[in-house]
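K.L.:
need coordinates for the following:
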Amino acid sequence: MFYHIVLMSFTSEANAAFFDKVEHYVRRVRAECDGLVTYAMAQNGASRSDGLTHGVVATFRSSQAHDAYQVSPAHVEMKTYMSPFISRIVVLDTEVAA
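P.N.:
Next up is the predicted model:
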């Protein structure tokens with residue numbers, strides 16, 4: 001299983017309309033990306049979040065499926081839309097044996 005975890009904080013311009021559009025992209029990613037097992041965008045409820053308020057938590061069947069997701073139209077459009085609103089980002093990509 002391949003894990004892709006992205007923790008983010010956003011600028012003050014990231015309002016409800018921003019998060020609605022992000023959810024649209026989340027649905028597109030789920031529908032369009034082969035090899036995806038789980039994909040969610042959520043608020044970070046951790047008391048030790050260090051200001052990283054939201055995260056994408058995704059699992060893929062393989063690192064190859066993750067690589068294909070990275071260049072998929074849905075993900076590229078999502079990143080392009082979100083980038084101006086992201087003030088900080090941390091990414092973990094790792095393969096974990098079953």
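
K.L.:
contacts, neighbours, all on C-alpha from now
P.N.:
Fine.

K.L.:
quick one: low-confidence parts of the chain?
P.N.:
The chain contains residues with pLDDT under 70 at 98.

K.L.:
Three-state assignment for the most centrally placed residue in the chain, please.
P.N.:
When CA atoms, centre = their mean is applied to the chain, the residue found nearest the centroid is residue 56 (3.3 Å). Using DSSP: H, G, I helix; E, B strand; the rest coil, the three-state assignment for residue 56 comes out as strand.

K.L.:
start to end distance for stretch 46-60?
P.N.:
With CA to CA, to the nearest Å applied, stretch 46-60 spans 24 Å between its terminal residues.

K.L.:
run me through the strand neighbours of the strand or helix carrying residue 6, direction for each.
P.N.:
Secondary structure here is read from DSSP states H and E; on that basis residue 6 sits in strand 2-10. Strand pairing for strand 2-10, determined by DSSP bridges: strand 54-60 (antiparallel), strand 86-95 (antiparallel).

K.L.:
let me see the contact set for residue 55.
P.N.:
Neighbour list for residue 55: 5-8, 41-44 [criterion: CA atoms under 8 Å, 6 or more residues apart in numbering].

K.L.:
just how off-centre is the strand holding residue 6 within its chain?
P.N.:
Per CA atoms, centre = their mean, to the nearest Å, the displacement of strand 2-10 from the mean C-alpha position of its chain is 5 Å.

K.L.:
circling back: and residue 13, which of the strands paired with strand 2-10 is closest to it?
P.N.:
Judged by CA to CA, the one of the strands paired with strand 2-10 that comes nearest to residue 13 is strand 86-95, at 9.7 Å.

K.L.:
circling back to that earlier point, how about the strand holding residue 6 as CSV, C-alpha atoms only?
P.N.:
Coordinates of each C-alpha in strand 2-10 appear next as CSV, following Å, rounded to 0.1, in the frame of the first residue of the first chain:
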residue,chain,number,x,y,z
PHE,A,2,1.3,3.5,-0.9
TYR,A,3,0.4,6.4,1.4
HIS,A,4,0.2,10.0,0.3
ILE,A,5,-0.4,12.5,3.2
VAL,A,6,-0.4,16.2,2.6
LEU,A,7,-0.7,18.6,5.6
MET,A,8,-1.5,22.3,4.8
SER,A,9,-2.4,25.7,6.2
PHE,A,10,-4.1,28.2,4.1
